[in-house]
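Student: Provided below for reference: sequence and predicted model.
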Amino acid sequence: MSTTLPSIACLGVIGRNNNPLHISIFNSYDPSTNSFRPVRTPLQFSLLLSSTLDIFELRSRAHAAQGTGLTGDFGLLHAVDEKLAAYGFETNTGVKFVVVVDMRGRRASTAAAGVGEDGKKSSAVGTTGVGLREGEMRVVFKAMQAAYIRLMQNPFYDPDEHSPLTGPGKKITSRRFGEEMRKIGEGWVPGVTSL
Amino acid sequence: MDEYPAGSLDHSVPFLLTLGTSGDPTYQSGLSAVLKEQAILIRSELPPLDSDQAHALLRYIQNRDASNLPCNGRDAPKKHRFHVKTAERVGGRFRANVYLVQDRDLMFMCIPSQYSYRLAARASQMDLVPSVLLCFYTLTSDPTLATLNDNKIKTDVNNIRALLSQSGYKTRLAVVLLSDKTSASGDHVQDRLESLRRGCGIDAKSLFLVPPGDSKEELERMAENMLTTLYTASLDYYRDLGRHSRKKRGRGVAPQPTVPPTSGTSQTLSLAGWNVRYDFKSAVFAEYRQEMDVALRSYEQAYENLLSSELMEVIPSWSPRWNEARFLADVLAVRCLRCLLWNGQHSAAARRWQSHRERIADFLDRRGRGTGNYGWEAWESRWALLMANLMEKASIPELAPVTHKLYLQPEKNVMGERLQPWEFLHHTGYWYRLSAKHMQARRDFAHAIPEDDRRSPSMSPASFVAKSAFAYDTYMCPDPFEEYPLHRGGFDHGRFVVERLMKARSEFLKREQVRLAAEVSLECARELGLAEEWSGIVKLLRPLWKDLPFRTVEPEYVLMAGSRLRCVDFVAAFQKRPNWEYDITKALDQIDTESKPIVSLADGQVLPFIWTSFLFREEEGKAGQNVRSQLTIKSNAHQGSTPVSLTSLYLNFSGSLDRVVIEHDDAVAVQEKRGNTSISSVPLTRDDAEAEVTDLGATNKSVILQGAADLTLAPGQTLVFNLEIPLREPGETEAQSLVVNLDTEEFDLHHELKFHQTPKTNFWYLSGSATKRIARPNPLAIKVQPRPPKLEIKCPVWKDQYYTDEAIVLEFELTNGEDIEALAKLDATLFGENPPAFTVDIAGHESQTSSSSRSEESKLIGAPLGTIESSKTSSVQLRLPPVDRSSQYDLTLKVTYFLPTNPGTPITQTTTFQLNIVNPFEANYDLLPRVHPDPWPSLFDADGVRSAAPDDDVPLAFKGLSQSWCLLTRYASFASEPLRVVDIDVVLSSLPSVRCHAIKHNNLPSSGEGRLVAPKTIEEAAFALKAQKASLDERGPSPLDVSLVIKWSRPEVSDQINSTTLPVPRFNLFGTEPRVLATVSHMFTPHPLVVLTVYIENASNHLLTFGLTMEPSDEFAFSGPKQTSLSLLPVQRRGVEYRLVPFDDLGEVGRWVGVGLVVRDKYYQKVLRVVPGGEGVRGTKEGGVEVWIPGRGGGGGGGWEGGVRGLKRVMV
């Protein structure tokens, strides 16, 4: 039961015009076969990221009306079921980062160190595994933003080419960026403070 | 929730049963025959109440039924919640039958018994036992029958009570008495009520009296109070029951079985089992009382006990009781969830939902058949659906669609904890989707069932049956041979998936989650695709295909949808099929159509096989010129397809360009062909049938330019058409779309293709091989400059001001500056406040009068001007009738003309003139009294006074008092130029009993030529008025209305005389008050001598006495009474004369000298004002009188003038 921990199942970077820029998919632990593989197909993840755009729009409207949301952290966007949940962040230039968390994507033994420091673990874990605190995803977004900024610093990267006003733009092809995403996605465990 | 037995999951609401009136719908106990046998029939022997009041009361009570209210605690201030039912009515004397279930043990059986399902079911079938039985009776007011009826009621109530107690239930009994028509006296009724109460043995709180004839509001208030009181009683009832079961649990021993345990499968119940039962009971009772915290605690306790090692853990999974226990656990969990939702603990509810799921999964994995089978997925699907249903019943306002919230924030007490994201309670759409997902998983499992198990048991060998009997988890779902039978359709998973997905989709749409809804639609379509419901798919996906804005960004989704949909592979086949004849004209070959179908496709609906682009050669053009343009179409069809002969192409523009139609014509030769590209120039002709050049009134929008070309299009071929399009109206024009028409014998296809602006399309074909790039941002658009109109509108004589009461004639000249003649028409609009209708005269045409469609507009449209030759002038006269008020109008003249060289292009010239119409004159007025020279008639002269009888034919002889006045008018011209005033007159109108006439004195030449009056100078005119009353008896004041008429003309147009009428304020003549008038006459005996005559008029019916005092003065000597008293008879005028001789030499001019004359009414001691009654006398500000002493120069001319001015000063 409580032998599973949350892990990142998918990282998505979405451009200003809601065009997908980058999608990384990670393996999750599958208890039935005791193996690691992605929980969904790439198309399903792509649809999942697309569905979060609705929420970005809804929230932005609410934020604009109330004058809140200046940090860009949208927190929990929604949970599609008891396993997968999407968290979002929007930069000032309208680029969106989405983290899809698999709440049972990791075996506890492999990441015991991440939870060990959390004293209240037993009360919160309950029977269904470790939950997440508010703002726990901030560290992931920070790392993603840092990676994205490094990408922007590349003089050969033209942001306008990637988010043109009409039509689909280019995707991010930088290997380094992909590598960094991979590092973030695999390195994150609940409670980690820097990536 | 429907899969669980009826009532097992329902919210418990106290049950109120009414008896004694009939209403809709009646209560059907719905008992099975077995239960009916054991039930007790409660009946009332009295006839039912049929009065309107009883029905109204019952209806009200029924309307307050709370069983369908949302299950949440927010309506807590609600005073009562009842589930109301009305006893059924059976004919004859028995007015109502109620069945009470007698077998109490049936109510709460627990697991070991065969009734375990019923345990839960019965919890809500507490519905069978009302908490309150409300009986309706009539309170007879007839004294002779009162006692008899009261006794009948007593007997009836006691009978019912006896029946109730026989059943063993402590149902509360309440009685409503409805008084019949007349109201008995208060005391008497009180006594009767008291006696009834005692006779029936009910307490005062359960007896209600409804007085007769109350208003509706009163009745409702009364019913509301009654329900509130009854609610307390019913809560008591459930509290007693709850206490009872708690007491039993507290004993800590299992009770002796009432039935020996030998019968059937029934077993004795362990203590733990009994405890579950007691906890469950007390929880249900607490729920009835809406003490949700208490209920939750008891439910949780029962749940824990049930899943403990003593109960469920010991049941083997093959036992039927295994499923019963699971069922009971579900029911308990659902009820827990409901309590949590009721209390607003939404995150706790989500967590509870999850924990039950985890525990059952764990339980099944350890002791049951595991979770990898269709039975588990069926349960998971149901469990998610249950949550959605519970949330719907709880109707959580924070999650309502208007809030646009997708999930709720957790409660405060768990805020800081590590929460699962799913524990933020998401809206029902997510739950429905989850349920659908599990339903799909269930189908996958079901399809994996081996064939042997799918065979019906009757057809399988016994060994197989035995083997598979326990291999499948069939908790609340069919056996494998029913779930997915071998040779027929089994459980219809798809239907349920679609149903749930559609529910989810509507929830997502309500919250503007369009993308998620679209995703769900796709899932749904896939599901429908399995069921081969193509039309449903098209209906579902069509909007996505058409409308979604992100389609261009995320095309792979739509591609996926498209590849799923075999029904829409219309033209755009994704892969080339071998051995297939690609010919669009044969698209419907294998399809039978009733009539010839007409297919209209909008842009973007399907992938077209024709690619098209359009270019204007120039960026700008002028109206009236032609512009070169190029239309390109290219076929992207498969190589080897049959060439298509398009029937026609429609080229549509926004703005004012005409539609271009290119028809197919084989005969037209292609001008240049090179490789796959052929270029041809298409001459365009105007379609004469629709474009009537001469009909200028019609709108010319329907003009079509037609051309013909060979439209046969082979695969990969490009057709280029050079077009010369005439530009007509100025403005921005853009090529919008091309409609490709293909009419075959089998179908008509109209496909609209929009032009898109991409760099790839900006190539102009110079020849078949050479192209030139058009480097303009938007070559689809052209800016049409207006053709400058050269027809001028002029008004040679335009004046700044026009005057009221003057017929205005405006002359306009239209000069044709074009090189050729122009066919023109004129629109004239007069805009302002209430503009007059005007007339337009055009030489050689009939004059036309404007019409006013609105109050501020007078309009004449389309007056034909005929042909104006080049550099010739046509004149137009516009006539306005005299306007009576000063006003401002805007006169807009719009000339639209056509040149014969370009008859489709109207050219417009517009000029606006401002028309100021002002009042030429203004005037003010003074009415000065004068002494009438005639003597007053005497009362004593009967013949002279009496007038003839009024009914005679002879005109009325006027014999009453006469008065003389002088009307002094000063008028000034406010015109901007001198005007010739020809005549000035007054028009008098007075009552018929007064005759009045005026004699004018003005300084206009008598020749009638009039006099030029310069602007802003004041001119005077005086009128002597004489008025006489018809009869001497009538002497009261009478009004006089005067208007001044000035006849004038413009100096240059002397023959047109206009008359301006100025209204004069109303004057009052006559009056019965006495009046003193002073007049002077000057004599020049050696010395200037002034004769001052003072007239006193008494028009009243009284004899009046006046005292006259003349003060001596330093300036003059006088002769006449210094002090005298004068008596006047009724209707008499008397005069007193003074002669004044000035002392000093008065010089040349003369001057005004004050006269100390005082006239006093002796009776009232009131000084009367001396009014100047002629020239040479004026009043002073202090109320005195001054007279004019003329100078040596003689004459009174200056004095007259001065007198007038002095008067004016006094009057101001």
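Tutor: That came in fine, so what should we check first? Numbers count the residues shown, from 1 in each chain, chains lettered A, B, ... in the order given.
Student: now whichever helix or strand A:Ala64 is part of: average pLDDT?
Tutor: Using DSSP states H and E, A:Ala64 sits in helix A:42-66. Averaged across helix A:42-66, pLDDT comes to 88.
Student: just the buried residues of that helix, please?
Tutor: Applying a neighbour-count criterion of 16 or more other C-beta atoms under 10 Å in any protein chain shown, one finds A:44-56, A:58-59 buried in helix A:42-66. C-beta: built from backbone N, CA, C; applies to glycine.
Student: could you do stretch B:880-889 as well?
Tutor: Buried residues in stretch B:880-889, counting neighbours by 16+ other C-beta under 10 Å, are found at B:880, B:883, B:887, B:889.
Student: dump the C-alpha coordinates for that stretch into PDB.
Tutor: Output of stretch B:880-889 as PDB, limited to C-alpha atoms (Å, rounded to 0.1, in the frame of the first residue of the first chain):
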ATOM      1  CA  LEU B 880     -39.800  75.900 -48.900                       C
ATOM      2  CA  PRO B 881     -43.100  77.000 -47.600                       C
ATOM      3  CA  PRO B 882     -43.100  79.800 -45.000                       C
ATOM      4  CA  VAL B 883     -41.800  78.600 -41.700                       C
ATOM      5  CA  ASP B 884     -43.500  80.100 -38.700                       C
ATOM      6  CA  ARG B 885     -40.700  79.600 -36.100                       C
ATOM      7  CA  SER B 886     -37.100  80.500 -36.100                       C
ATOM      8  CA  SER B 887     -35.100  77.300 -36.700                       C
ATOM      9  CA  GLN B 888     -32.000  75.800 -38.200                       C
ATOM     10  CA  TYR B 889     -31.900  73.100 -40.800                       C
END
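Student: can you get me the centre-to-centre distance for it and its chain?
Tutor: Here the centre of stretch B:880-889 is set off from its chain's centre by 41 Å, with C-alpha atoms, centre = their mean, to the nearest Å.
Student: so where's the stretch 651-800 of chain B shaky on pLDDT?
Tutor: Filtered on pLDDT under 70, the stretch 651-800 of chain B yields the residue ranges B:687-703, B:758-761.
Student: strands of that one, residue ranges please.
Tutor: With DSSP state E, counting those that start in this stretch as the criterion, the stretch 651-800 of chain B has strands at B:659-664, B:672-674, B:677-682, B:685-686, B:704-709, B:712-713, B:718-726, B:731-743, B:748-754, B:763-765, B:771-773, B:781-785, B:791-794.
Student: just the angle between the third one and strand B:659-664, please?
Tutor: It stands for strand B:677-682. Our comparison of strand B:677-682 with strand B:659-664, counting by axes from the mean of the first three to the mean of the last three C-alpha atoms, to 10 degrees, yields an angle of 120 degrees.
Student: elements contacting strand B:677-682?
Tutor: Contacts defined by 3 or more C-beta pairs under 8 Å, 6 or more residues apart in numbering or on different chains; DSSP states H and E place strand B:677-682 against strand B:672-674, strand B:704-709, strand B:718-726.
Student: 7 Å - rerun?
Tutor: strand B:704-709, strand B:718-726 (3 or more C-beta pairs under 7 Å, 6 or more residues apart in numbering or on different chains; DSSP states H and E).
Student: looking at those strands, which is closest to chain A?
Tutor: strand B:718-726 (23.7 Å; C-beta to the nearest C-beta).
Student: so how far is that closest one from its chain's centroid?
Tutor: Distance, centroid of strand B:718-726 to centroid of chain: 50 Å (C-alpha atoms, centre = their mean).
Student: so what are the sheet partners of that strand and their directions?
Tutor: Strand pairing for strand B:718-726, using DSSP bridges, gives strand B:626-635 (antiparallel), strand B:677-682 (parallel).
Student: now do the first one: everything it contacts.
Tutor: The contact list for strand B:626-635, computed with C-beta atoms under 7 Å, 6 or more residues apart in numbering or on different chains, reads B:609-618, B:621, B:651, B:713-727, B:764-765, B:782.
Student: before we move on, the earlier item: filter the buried residues of helix A:42-66 by proximity to chain B?
Tutor: For chain B, the contacts drawn from the buried residues of helix A:42-66 by C-beta under 7 Å from any C-beta of the partner chain are A:47, A:50-51, A:53-55, A:58.
Student: where are the low-confidence patches of chain A?
Tutor: By pLDDT under 70, the weakly predicted segments of chain A are A:1-2, A:109-129, A:165-168.
Student: try it again with 80
Tutor: A:1-3, A:32, A:69-70, A:108-130, A:163-169, A:195 (pLDDT under 80).
Student: pretty sure B:Lys1016 contacts B:Ala972?
Tutor: Yes - counting by C-beta atoms under 7 Å, B:Ala972 is a contact partner of B:Lys1016 at 6.4 Å.
Student: neighbour count winner among these two?
Tutor: B:Ala972 (17 against 10; other C-beta atoms under 10 Å in any protein chain shown).
Student: quickly note the distance from the residue nearest to B:Ala837 when sequence neighbours are not counted to chain A.
Tutor: Nearest non-adjacent residue to B:Ala837, counting by C-beta to C-beta, 6 or more residues apart in numbering or on different chains: B:Ser850, 5.1 Å away. Separation of B:Ser850 from chain A (C-beta to the nearest C-beta, to the nearest Å): 53 Å.
Student: contacting residues for B:Ser850?
Tutor: B:Ser850 touches B:828, B:830, B:837-838, B:858-860, counting by C-beta under 7 Å, 6+ apart.
Student: repeat that with 6 Å
Tutor: B:837-838, B:858-860 (C-beta atoms under 6 Å, 6 or more residues apart in numbering or on different chains).
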